[in-house]
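Q: Got a sequence here, can you build the structure:
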Amino acid sequence: MRSLSIFAICVAAATAALPMAGHAQTTGPTSTQDDAKTIWEKIKGSWTTTKGAVKEQWGKLTDDDLMTIEGRRDQLVGKIQTRYGISHEEAEAQVSDWEKRRNRDM
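A: Next comes the predicted model:
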(Lines give C-alpha, C1' and ligand atoms only; values in the text may rest on other atoms or scores of the structure.)
Protein backbone atom coordinates (compact mmCIF):
# COMPACT_ATOMS: atom_id res chain seq x y z
CA MET A 1 0.00 0.00 0.00
CA ARG A 2 2.83 2.38 0.87
CA SER A 3 4.58 1.79 -2.48
CA LEU A 4 1.33 2.52 -4.29
CA SER A 5 1.01 5.93 -2.59
CA ILE A 6 4.67 6.74 -3.37
CA PHE A 7 4.03 5.80 -6.99
CA ALA A 8 0.94 8.04 -7.10
CA ILE A 9 2.94 10.96 -5.70
CA CYS A 10 5.67 10.44 -8.32
CA VAL A 11 3.11 10.31 -11.15
CA ALA A 12 1.45 13.48 -9.89
CA ALA A 13 4.80 15.28 -9.66
CA ALA A 14 5.83 14.15 -13.14
CA THR A 15 2.48 15.16 -14.63
CA ALA A 16 2.71 18.61 -13.07
CA ALA A 17 6.22 19.09 -14.50
CA LEU A 18 5.25 18.15 -18.07
CA PRO A 19 3.57 21.42 -19.08
CA MET A 20 6.58 23.39 -17.87
CA ALA A 21 8.99 21.20 -19.83
CA GLY A 22 6.91 21.66 -22.98
CA HIS A 23 7.17 25.44 -22.75
CA ALA A 24 10.90 25.39 -22.16
CA GLN A 25 11.67 24.01 -25.60
CA THR A 26 10.74 26.34 -28.41
CA THR A 27 12.71 25.46 -31.49
CA GLY A 28 11.86 25.33 -35.11
CA PRO A 29 10.34 27.81 -37.50
CA THR A 30 8.19 29.67 -34.99
CA SER A 31 11.10 30.63 -32.73
CA THR A 32 13.09 31.71 -35.79
CA GLN A 33 10.16 33.81 -36.95
CA ASP A 34 9.81 35.28 -33.47
CA ASP A 35 13.52 36.11 -33.49
CA ALA A 36 13.18 37.87 -36.84
CA LYS A 37 10.18 39.84 -35.60
CA THR A 38 12.12 40.87 -32.50
CA ILE A 39 15.09 41.97 -34.58
CA TRP A 40 12.86 44.08 -36.85
CA GLU A 41 11.07 45.62 -33.89
CA LYS A 42 14.48 46.76 -32.63
CA ILE A 43 15.43 48.00 -36.09
CA LYS A 44 12.19 49.98 -36.40
CA GLY A 45 12.73 51.49 -32.98
CA SER A 46 16.20 52.67 -33.86
CA TRP A 47 15.67 53.33 -37.55
CA THR A 48 17.38 56.72 -37.51
CA THR A 49 20.62 55.10 -36.38
CA THR A 50 20.10 51.93 -38.41
CA LYS A 51 19.72 53.86 -41.67
CA GLY A 52 23.45 54.41 -41.72
CA ALA A 53 24.18 50.69 -41.55
CA VAL A 54 21.62 50.02 -44.29
CA LYS A 55 23.10 52.76 -46.48
CA GLU A 56 26.59 51.34 -45.87
CA GLN A 57 25.45 47.85 -46.92
CA TRP A 58 23.34 48.96 -49.89
CA GLY A 59 24.84 52.22 -51.15
CA LYS A 60 22.45 52.53 -54.10
CA LEU A 61 19.53 53.18 -51.75
CA THR A 62 18.65 56.87 -51.67
CA ASP A 63 17.65 58.95 -48.67
CA ASP A 64 14.11 58.93 -50.05
CA ASP A 65 14.23 55.12 -50.16
CA LEU A 66 15.31 55.03 -46.52
CA MET A 67 12.49 57.40 -45.56
CA THR A 68 10.01 55.13 -47.36
CA ILE A 69 11.37 51.96 -45.77
CA GLU A 70 11.01 53.28 -42.19
CA GLY A 71 12.36 50.05 -40.71
CA ARG A 72 9.97 47.74 -42.58
CA ARG A 73 11.66 44.59 -43.83
CA ASP A 74 9.37 44.04 -46.81
CA GLN A 75 10.00 47.60 -47.99
CA LEU A 76 13.76 47.13 -47.65
CA VAL A 77 13.68 43.93 -49.71
CA GLY A 78 11.60 45.63 -52.41
CA LYS A 79 13.86 48.67 -52.64
CA ILE A 80 16.99 46.50 -52.84
CA GLN A 81 15.37 44.44 -55.58
CA THR A 82 14.49 47.57 -57.54
CA ARG A 83 17.75 49.50 -57.10
CA TYR A 84 20.04 46.54 -57.78
CA GLY A 85 17.90 44.85 -60.46
CA ILE A 86 17.97 41.49 -58.68
CA SER A 87 15.35 38.86 -58.00
CA HIS A 88 13.13 38.98 -54.96
CA GLU A 89 14.81 35.80 -53.68
CA GLU A 90 18.29 37.35 -53.98
CA ALA A 91 17.15 40.49 -52.16
CA GLU A 92 15.61 38.30 -49.42
CA ALA A 93 18.87 36.38 -49.10
CA GLN A 94 20.89 39.58 -48.78
CA VAL A 95 18.57 40.95 -46.10
CA SER A 96 18.63 37.63 -44.23
CA ASP A 97 22.43 37.61 -44.23
CA TRP A 98 22.45 41.22 -43.03
CA GLU A 99 19.96 40.35 -40.27
CA LYS A 100 22.17 37.51 -39.05
CA ARG A 101 25.24 39.73 -38.90
CA ARG A 102 23.25 42.50 -37.21
CA ASN A 103 21.78 40.06 -34.68
CA ARG A 104 25.28 38.95 -33.70
CA ASP A 105 26.26 42.58 -33.15
CA MET A 106 23.19 43.40 -31.03
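
Q: how close does residue 82 sit to residue 58?
A: Taking C-beta to C-beta, to the nearest Å as the measure, residue 82 falls 11 Å from residue 58. Bear in mind the C-beta positions are built from the backbone N, C-alpha and C, glycine included.

Q: The two - which one has more neighbours?
A: Just comparing residue 82 and residue 58: by other C-beta atoms under 10 Å the higher neighbour count belongs to residue 58, 19 against 13.

Q: Do I have it right that that one meets residue 86?
A: No - counting by C-beta atoms under 8 Å, residue 58 does not reach residue 86; the two are 10.8 Å apart.

Q: Overlap in contacts, the two.
A: 80, 94 (C-beta atoms under 8 Å, 6 or more residues apart in numbering).

Q: In the helix or strand hosting residue 55, which residues are buried?
A: Taking DSSP states H and E as the criterion, residue 55 maps to helix 47-57. By 16 or more other C-beta atoms under 10 Å, the buried positions in helix 47-57 come out as 47, 50, 51, 54, 57.

Q: which residues touch the second one?
A: Residues in contact with residue 50, defined by C-beta under 8 Å, 6+ apart, are 43, 71.

Q: How confident was the prediction at it?
A: We have a pLDDT of 87 for residue 50.

Q: let's number from 18 now, not from 1
A: Noted, 18 is the first residue going forward, which turns the last one into residue 67.

Q: how close does it get to residue 59?
A: From residue 67 to residue 59 the distance is 9 Å (C-beta to C-beta).

Q: before we move on, what about the fourth one?
A: Taken as C-beta to C-beta, the spacing of residue 71 relative to residue 59 amounts to 14 Å.

Q: picking that back up, quick one: name whatever helix or strand follows the helix holding residue 72.
A: Following helix 64-74 in sequence, per DSSP H and E, is helix 80-86.

Q: Understood, closing this out.
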